[in-house]
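Peer 1: Dropping the sequence and predicted coords here.
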Amino acid sequence: MAMPSSASATARMLTVPALLLLLSSAALLVFLILPSLSPSPAAHLCACSPPTTTHTTTTVTTTTTTASPAPVTTSPADVAWLKSQLASNSLPLLASHDAWHRLRKGINPRTREQQLFDINRHHGISHYPDEEATNHTALPCPGELLVEEHHSNYGEPWAGGRDVFEFLANASALTPRDQVLEIGCGTLRVGLHFIRFLEAAKFHCLERDELSLMAALRYELPAQGLLYKRPMIVRGEDMDFSRFGDTVMYDLIYASAVFLHIPDKLVWTGLERLAGKLRPQRGRIFVSHNIKFCSRLGGDECTRRLTELGLEYVGKHTHDSLLFNHYEIWWQHHTPELVQDKTAEEEEEEEAEAEGWPSPSEAEEIAAAGAGDPLERVLLLYLDGSV
Ligand SMILES: C[S@@+](CC[C@H](N)C(=O)[O-])C[C@H]1O[C@@H](n2cnc3c(N)ncnc32)[C@H](O)[C@@H]1O
């Protein structure tokens, strides 16, 4: 029997809120449980560290809360935000040296030398004097490191380390679980960013220079609060990677500003030892600056030697710096069996299949047919990014 129109309106008023309530409860449920069932599509570009994990244990339950992931790439929105902050505080984007000098007004910055002089003679009101000077610190650190002399060790500024990280992390679709080796990590100008991003013990480095190792271990790791990441930094100069273990496989191996300083023969020794440790299909080797160790052999011979090692030259990349007018050049190698990179759609389809959810294309079909129960509709909305 047809309902009178007022009764029909009343029924709608009762049904729509009830339906909305049902949908929002289901959406909330799905929203809460989905992240724990499948990684977010952006997860591979996110650091899930430091893992500020709290465990609340009662006799029956354990609750885990993880800090929000840190993005690898500085987005255009980040840059726009920073520019707006500079503008709203009336700060210039660029200042000439003279203008910079004028800004100092009465402030006379102390040079590293002056700071070091003061540290060495325990100048100031809050330093423990004489023999007490190192009794009150767990990790007494040489003054040269405290004034960060090592930040000026390289041709490019310290900030270039972040640029290298951003390029390599994006180019290799790095995830926090990946295993990474840096050949010649120096003072950790680049490595710090990897250590922060990766899970504990996932960063390995072979470095020959004692001063750099001191800077890395005695200053940078404690000063950056990264000791808990337990990076494996090994002293050595002869491409002996045995201390990292026989079974380790790397997702990323890189040499930043290193191979150009090493005899070609030693570079090839390193490649011979590492080629078999590159995770098949996924692993990449990146080399910066130039590949003269290869090109000096002549094109064909260079290719032959790489092929013999099971390596294939992929291509040359450049990467702009965020903070200064500079770009990095990188050469990428991988194992030749590498299958074509999947498209984002293919990855989503596979992910959905593995999790038992409708794939985006199936979701479209269901949506087009107007089928599905409320929970399924909420799920489709979620997949669609609408919830
Ligand atoms: C220019 S620095 C670059 C450091 C770091 N990769 C970066 O980009 O900040 C070169 C580093 O390679 C290291 N190195 C040179 N030859 C090496 C070798 N045979 N084995 C291990 N490290 C080496 C040097 O000691 C130095 O720390």
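Peer 2: Perfect, I can see it now.

Peer 1: Quick check: residues of this protein near the ligand?
Peer 2: Within reach of the ligand by C-beta under 6 Å from any ligand atom, the chain has these residues: 154, 161, 184-186, 189-190, 206-209, 212, 237, 256-258, 261-262, 266. All C-beta atoms are positioned from the backbone trio N, CA, C, and that covers glycine.

Peer 1: repeat that with 5 Å
Peer 2: Selection of the chain residues close to the ligand by C-beta under 5 Å from any ligand atom yields 184, 186, 189-190, 207-209, 212, 237, 256-258, 262.

Peer 1: Pipe the residues you listed into TSV and attach secondary structure per row.
Peer 2: Below are these laid out as TSV (DSSP: H, G, I helix; E, B strand; the rest coil):
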residue	secondary structure
Gly184	coil
Gly186	coil
Arg189	coil
Val190	coil
Glu207	strand
Arg208	coil
Asp209	coil
Ser212	helix
Glu237	coil
Ser256	coil
Ala257	coil
Val258	coil
Ile262	coil
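
Peer 1: Which of the residues you listed are buried, as a PyMOL select command?
Peer 2: To isolate the buried ones among the residues of the chain next to the ligand in PyMOL, judged by 16 or more other C-beta atoms under 10 Å, type:
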select buried, resi 184+186+189+190+207+209+212+256+257+258+262
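
Peer 1: what about the chain, any weak spots by pLDDT?
Peer 2: 1-69, 123-124, 337-344, 346-347, 350, 352-387 (pLDDT under 70).

Peer 1: Pop the domain breakdown of it in here.
Peer 2: 154-334, 344-384 (automatic domain parsing).

Peer 1: thought Ser321 was touching Asp163?
Peer 2: Yes. The pair Ser321 / Asp163 is scored as a contact, 4.5 Å apart, by C-beta atoms under 8 Å.

Peer 1: what do these two both touch?
Peer 2: When contacts are counted by C-beta atoms under 8 Å, 6 or more residues apart in numbering, Ser321 and Asp163 are jointly contacted by Glu328.

Peer 1: Would you mind telling me which of these two has the busier surroundings?
Peer 2: Taking other C-beta atoms under 10 Å, Ser321 and Asp163 do not tie; Asp163 has more neighbours (23 against 18).

Peer 1: buried sites along whichever strand or helix holds the more buried one?
Peer 2: Remark: Asp163 resides in helix 160-171, with elements defined by DSSP states H and E. Using 16+ other C-beta under 10 Å as the test for burial, helix 160-171 gives Gly160, Gly161, Arg162, Asp163, Val164, Phe165, Glu166, Phe167, Leu168, Ala169, Ala171.

Peer 1: Stretch 268-277 now?
Peer 2: For stretch 268-277, by 16+ other C-beta under 10 Å, it's Trp268, Gly270, Leu271, Leu274, Ala275, Lys277.

Peer 1: Now, those residues that are in helices?
Peer 2: Trp268, Gly270, Leu271, Leu274, Ala275 (DSSP state H).

Peer 1: and which of those residues is nearest Ala70?
Peer 2: Checking these against Ala70 with C-beta to C-beta, the nearest one is Leu274 at 28.8 Å.

Peer 1: how about the nearest residue to that closest one, chain neighbours excluded?
Peer 2: Computed as C-beta to C-beta, 6 or more residues apart in numbering, the closest residue to Leu274 that is not its neighbour in sequence is Ile253, at 5.8 Å.

Peer 1: Give the phi and psi angles for that neighbour, as a check.
Peer 2: Taking degrees, to the nearest 10, you get phi -120, psi 130 for the backbone angles of Ile253.

Peer 1: for it, what are its contacts?
Peer 2: Val180, Leu181, Glu182, Ile183, Leu274, Lys277, Leu278, Gly283, Arg284, Ile285, Phe286.

Peer 1: Reformat the residues of the chain next to the ligand as JSON lines; add distance to Ser295.
Peer 2: Shown next, in JSON lines, are the residues of the chain next to the ligand (distance: C-beta to C-beta, whole Å):
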{"residue": "Gly184", "distance to Ser295": "20"}
{"residue": "Gly186", "distance to Ser295": "25"}
{"residue": "Arg189", "distance to Ser295": "26"}
{"residue": "Val190", "distance to Ser295": "24"}
{"residue": "Glu207", "distance to Ser295": "26"}
{"residue": "Arg208", "distance to Ser295": "24"}
{"residue": "Asp209", "distance to Ser295": "27"}
{"residue": "Ser212", "distance to Ser295": "28"}
{"residue": "Glu237", "distance to Ser295": "24"}
{"residue": "Ser256", "distance to Ser295": "19"}
{"residue": "Ala257", "distance to Ser295": "18"}
{"residue": "Val258", "distance to Ser295": "17"}
{"residue": "Ile262", "distance to Ser295": "15"}
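
Peer 1: wait, which of the residues of the chain next to the ligand is closest to Pro71?
Peer 2: So of the residues of the chain next to the ligand, ranked by how close each gets to Pro71 (C-beta to C-beta), first place is Val190, at 17.9 Å.

Peer 1: Phi first, then psi, for the closest one.
Peer 2: Dihedral pair for Val190: phi -90, psi -40, per degrees, to the nearest 10.

Peer 1: quick one: which of the buried residues of helix 160-171 is nearest Ser75?
Peer 2: Distances from Ser75 to the buried residues of helix 160-171, taken by C-beta to C-beta, are shortest for Glu166, at 11.3 Å.

Peer 1: That closest one and Ser321 touch, don't they?
Peer 2: No. At 9.4 Å, Glu166 does not count as touching Ser321 under the criterion of C-beta under 8 Å.

Peer 1: Does His317 belong to a helix, a strand or coil?
Peer 2: Under three-state DSSP, His317 comes out as strand.

Peer 1: residue ranges for the helices of the stretch 201-350 of the chain, please.
Peer 2: Secondary structure of the stretch 201-350 of the chain by DSSP state H, counting those that start in this stretch: the helices cover 210-214, 221-223, 264-275, 292-295, 299-308, 344-355.
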